[in-house]
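>>> take this sequence and fold it.
(4 chains)
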Amino acid sequence: MITVLLFAQLQEEAGNGRLELELVDTTVKELKETLQREYNLTKMDQVMVAINEEYALPDDRVKDGDIVALIPPVSGG
Amino acid sequence: MITVLLFAQLQEEAGNGRLELELVDTTVKELKETLQREYNLTKMDQVMVAINEEYALPDDRVKDGDIVALIPPVSGG
Amino acid sequence: MTEELFQITDKPIQLEQLVAKVERPEAGAITTFIGTVREWTKGKRTIYLEYQAYKPMAVKMLATIGEEIEAKWPNTQVAITHRIGHLEISDIAVIIAVSSPHRKAAYQANEYAIERIKEIVPIWKKENWEDGETWIGDQLEQVSYPEGKPQIKE
Amino acid sequence: MTEELFQITDKPIQLEQLVAKVERPEAGAITTFIGTVREWTKGKRTIYLEYQAYKPMAVKMLATIGEEIEAKWPNTQVAITHRIGHLEISDIAVIIAVSSPHRKAAYQANEYAIERIKEIVPIWKKENWEDGETWIGDQLEQVSYPEGKPQIKE
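Here you go, the predicted model:
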């Protein structure tokens, strides 16, 4: 099982800031595609992914127990 | 009569921060030379002069009633 | 130490406290940047803002910025606090304090910090305008990250 | 107004007060520079400092710097207070606060202000070292003024 955290407009689009997913071995890229499809998320090409609070690359693997965060372009400051 | 204000090391060299001088019509340059001679002031080539709180040029004239300040290199901040 | 220097909070930020965190007898120059909620942006009026953060990662990324700065400008000390939640006009959203023996580094490191916050720290701003609301993104106009992630300088 | 924005004081300077002078709803960026008394300068230890000013002219020159900044960076607001008298290590000697709608101008104008203070404002620092005392001058290494006076940009 993995935990997916969503923020900002993605959270509003999904109607939830936290999802628990049963997933077999997958990559960041594949996970993004799955989530985009299932939750009708927009502008996913601009969305970064963090695994366990570290930015991850598209080919990085997501494994059981990971906390994955979808990070749209940031706007702090 | 003019008032001459001295600061920092010039004040210590002259033993006084304020002088009252009877002077006939003179220039900034001449006044500096006079003061340097009479009060043994050092490093006068680096000293600026202000007349009535405005920086003055060597050929500017000092007139009766003026407040003249000798301004060594500043070190605020 | 790191927890104190780099914070995400839902309380008002105290300027004096931030400055106190970086004061050192060998550092004669301290710069601060105070980012406040601006009422007008390109002719549009903001009523209030909401900031959201991925808090543990945001704190980590602030600390990463601190490490980047210590590498680029040795002997500087940095503290950053970013506020989240509901903010009104003129409320302080972020304060960055940098101390250094030399003023040039204090200015440069401070400006570097705010630029990096806008690049890598997971915090999002929702503008509540007179006529609607929007989550703001991509202020630096980096439409995508060619390398797949924000550049992390290590 | 000018008297409040540009001050020479023999009392401790309050950071929050300086910032309050430049806060405006349209200015989302405020930078401050805090100059403190440094204990060590090139291996020499300072015990305390004394600052002396030609006070009325110093206030005028600070205001002149404010005018220069408003000309160069429109819509900025500047406040400067410089302390004089006896200062101990870590005491604040000067604070510069600049507000601006845009952060770049807030940083640039602030740095400009401290550079100009060191050029044109009649304030002098006497260092009291472990082994003696000296009036400090010429920090910018302008041994003489080729034009006969500091450049006043108007």
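>>> enumerate the residues of chain C near chain D.
Contact residues (C-beta under 8 Å from any C-beta of the partner chain) of chain C with chain D: C:15-16, C:19, C:23, C:25-40, C:89-90, C:101, C:103-104, C:106-107, C:110-111, C:114. The way it works is simple: take the backbone N, C-alpha and C, and place the C-beta from them, glycine included.
>>> could you redo the last one with a cut-off of 6 Å?
For chain C, the residues in contact with chain D (C-beta under 6 Å from any C-beta of the partner chain) are C:25-26, C:28, C:30-34, C:36, C:38-40, C:89-90, C:107, C:111.
>>> what about burial for those residues, which qualify?
Among the residues of chain C next to chain D, those that count as buried by neighbour count (16 or more other C-beta atoms under 10 Å in any protein chain shown) are C:28, C:30, C:31, C:32, C:33, C:34, C:36, C:38, C:39, C:89, C:107, C:111.
>>> turn those into TSV, columns for secondary structure, pLDDT and distance to residue A:36.
Formatted as TSV, these follow (DSSP: H, G, I helix; E, B strand; the rest coil; pLDDT from 0 to 100; distance: C-beta to C-beta, whole Å):
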residue	secondary structure	pLDDT	distance to residue A:36
C:28	coil	94	53
C:30	strand	98	46
C:31	strand	98	42
C:32	strand	98	41
C:33	strand	98	36
C:34	strand	98	38
C:36	strand	96	36
C:38	coil	91	33
C:39	coil	89	36
C:89	coil	94	36
C:107	helix	98	42
C:111	helix	98	36
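>>> that older thread, so which of the residues of chain C next to chain D would you say is closest to chain A?
Within those, the smallest distance to chain A is 9.0 Å, found for residue C:33 (C-beta to the nearest C-beta).
>>> hmm, back to that, ok, so of the residues of chain C next to chain D, who is nearest chain B?
For the residues of chain C next to chain D, the nearest to chain B is residue C:28 (9.5 Å; C-beta to the nearest C-beta).
>>> from residue B:40, how far out is residue A:14?
83 Å (C-beta to C-beta, to the nearest Å).
>>> OK, contacts around whichever residue of chain C sits closest to chain B?
In chain C, the residue that lies nearest chain B is residue C:103 (8.4 Å; C-beta to the nearest C-beta). By C-beta atoms under 6 Å, 6 or more residues apart in numbering or on different chains, the contact set of residue C:103 is residue C:29.
>>> in which helix or strand does the closest residue in space to residue A:17 that isn't next to it in sequence reside?
For residue A:17, ignoring the flanking residues on the chain, the nearest one in space by C-beta to C-beta, 6 or more residues apart in numbering or on different chains is residue A:11 at 4.5 Å. Using DSSP states H and E, the element containing residue A:11 is helix A:8-14.
>>> residue 12: how many residues sit nearby?
If you meant another chain, say so; for now it's chain A. Per other C-beta atoms under 10 Å in any protein chain shown, the neighbour tally for residue A:12 reads 13.
>>> chain C is the one I meant
9.
>>> what's the answer for residue C:109, then?
Residues lying near residue C:109 (other C-beta under 10 Å) number 24.
>>> try residue A:31
If we define neighbours as other C-beta under 10 Å, then residue A:31 has 24 of them.
>>> so who does the residue nearest to it when sequence neighbours are not counted touch?
The spatial neighbour of residue A:31 that comes closest, neighbours along the chain excluded (C-beta to C-beta, 6+ apart), is residue A:62 at 5.5 Å. Contacts for residue A:62 (C-beta under 6 Å, 6+ apart) come out as A:2, A:26, A:31, A:68.
>>> got it, and residue C:48?
Contacts of residue C:48 (C-beta under 6 Å, 6+ apart): C:88, C:128.
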